[in-house]
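Novice: this one's structure only:
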């Protein structure tokens, strides 16, 4: 097992989160999203300002996974109020982002990040934890199903001029 640590992110982690967010998105979707669209999306959606807003919003929780020997970021997760096209129950929480570098898949980082996200949603007395994911991301979907998530809807996710079909999953808490 890889030696890593999970910790709550602090406001001064916005730059590290921006870099790990863009890097893991690039790694995950390089084969299906055109390069210029990918770069533009990461510049908008994974800027330090975006993460700075998550980090200063009391309705959001952010965790950073670090390689213990160096402190280098290798993954992260973000919980926030839901922004999904499904019927939202009062108090629902969305696991907006959960990623780690593929070379660390199977090392327990995803499991640890998921446990932190679920514990946070439970502490908020959320009835459900929700998330959206690309419908063809079979490895992620299997991971979510192992953690008790089930299909509750669909959405489309736009990057550049392309629309991608996502599924929306929910886990009762």
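Specialist: Nice, thanks for sending it over. Since the model is a prediction, treat every value here as computed from it, not as a measurement.
Novice: The spatially most central residue of the chain pairs with what?
Specialist: The centre of the chain sits closest to residue 97, judged by CA atoms, centre = their mean, with a distance of 1.3 Å. Listed by DSSP bridges, the beta-bridge partners for residue 97 are residue 78.
Novice: for it, what are its contacts?
Specialist: Neighbouring residues of residue 97 by CB atoms under 8 Å, 6 or more residues apart in numbering: 21, 76, 77, 78. (C-beta placed from N, C-alpha, C; glycine too.)
Novice: Now the residue in the chain sticking out farthest from the centre: closest residue in space that isn't a chain neighbour?
Specialist: When distances to the mean C-alpha position of the chain are computed (CA atoms, centre = their mean), the maximum falls on residue 69, with 23.8 Å. The spatially closest residue to residue 69, leaving aside those adjacent along the chain, is residue 3, at 6.3 Å (CB to CB, 6 or more residues apart in numbering).
Novice: got the contact list for the one you found?
Specialist: With CB under 8 Å, 6+ apart, residue 3 has these contacts: 67, 68, 69.
Novice: Out of those residues, flag the one nearest to residue 130.
Specialist: Using CB to CB, residue 67 is the member of those that lies nearest residue 130, at 29.4 Å.
Novice: Look up the pLDDT of that closest one for me, please.
Specialist: Looking at residue 67, its pLDDT reads 96.
Novice: Buried residues of stretch 148-167, list them for me.
Specialist: 149, 155, 159, 164, 166, 167 (16 or more other CB atoms under 10 Å).
Novice: Confirm for me that the first one is in contact with residue 133.
Specialist: Think residue 149. No: assessed by CB atoms under 8 Å, residue 149 is found out of contact with residue 133, at 9.2 Å.
Novice: Need the overlap of contacts for these two.
Specialist: With CB under 8 Å, 6+ apart as the test, residue 149 and residue 133 both reach residue 169.
Novice: just to revisit the earlier point, any figure for the gap between the residue nearest to the centre of the chain and residue 36?
Specialist: Counting by CB to CB, to the nearest Å, the gap from residue 97 to residue 36 is 22 Å.
Novice: what does residue 73 give?
Specialist: 25 Å.
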